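# Provided below for reference: sequence and predicted model.
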Amino acid sequence: QVRLVESGGGLVQAGGSLRLSCAASGSIFSINAMGWYRQAPGKQRDLVASAHSGGAINYADSVKGRFTISRDSAKNTVYLQMNSVKPEDTAVYYCNAELRTSARAGYIDYWGQGTQVTVSS
C-alpha cells in the first residue's frame, strides 16, 4: 500500500507565497520521479513541475521563474515553493509519484488526494 499525503494549500493573496509538501509512504522500493499537477474547474489536469531521480527538472511555462520544485529523496518528499502567485494559479494541486513497490515491479503512477490553492486578486 502506497500513500501520498499533501499539505500546505490554502488561500493566499496575489503576489504572495505558498509552500506545498507531499510525503510518500508505504511499500516503496524506489521512486523515479515526483511532481505536482493542477486542475482548475472545468479544465484538464496539467503538469506544474516534476523532479526526476537523474536530476532533470521540468516546469510548465506558466510557472517558470515563480515556482520551485525540490525533493528530499531520503524522506520520499517533494515540495513546491510558489512565489508571486496569480489568480490563474487557483486550482486543486495533486502530488504525483512514479514509483515501484519491488525490484520486479514496474513503475506506476500514484496520486495524492489533492490540496486546494486559491489566489485572491
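Arrived safely, thanks for sending.
# can you pull out the helices in the chain?
Under the criterion DSSP state H, helices are not mapped anywhere in the chain.
# so which residue is smack in the middle of it?
In the chain, the C-alpha closest to the average C-alpha coordinate belongs to Trp36, at a distance of 2.3 Å (C-alpha atoms, centre = their mean).
# roughly how far does that residue sit from Gly106?
23 Å (C-beta to C-beta, to the nearest Å). Placement of C-beta: from N, CA and C, glycine included.
# report the contact partners of Ser25.
Contact criterion C-beta atoms under 8 Å, 6 or more residues apart in numbering gives 2-3, 5, 76 as the residues in contact with Ser25.
# again with Cys22
Taking C-beta under 8 Å, 6+ apart, we find Cys22 in contact with 4-7, 34, 36, 77-79, 95, 97, 112.
# make a markdown table from the residues you listed and add distance to Gln13 to it.
Putting those into a markdown table (distance: C-beta to C-beta, whole Å) gives the following:
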| residue | distance to Gln13 |
| --- | --- |
| Leu4 | 28 |
| Val5 | 26 |
| Glu6 | 21 |
| Ser7 | 20 |
| Met34 | 28 |
| Trp36 | 21 |
| Thr77 | 27 |
| Val78 | 25 |
| Tyr79 | 21 |
| Cys95 | 24 |
| Ala97 | 30 |
| Gly112 | 25 |
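# from those, pick the one nearest Gly65.
Comparing the contacts of Cys22 against Gly65 with C-beta to C-beta picks out Trp36 as the nearest, at 16.0 Å.
# how much space between the nearest residue to the closest one once chain neighbours are set aside and Ile108?
If you skip the residues right next to it in sequence, Trp36 has Val48 as its closest partner in space, 4.3 Å away by C-beta to C-beta, 6 or more residues apart in numbering. Distance of Val48 to Ile108, computed by C-beta to C-beta: 20 Å.
# which one of these two is surrounded by more residues?
Neighbour tally, Val48 and Ile108, criterion other C-beta atoms under 10 Å: the higher count belongs to Val48, 24 against 11.
# quick one: pLDDT of the residue nearest to the centre of the chain?
The predicted local confidence for Trp36 comes out at a pLDDT of 98.
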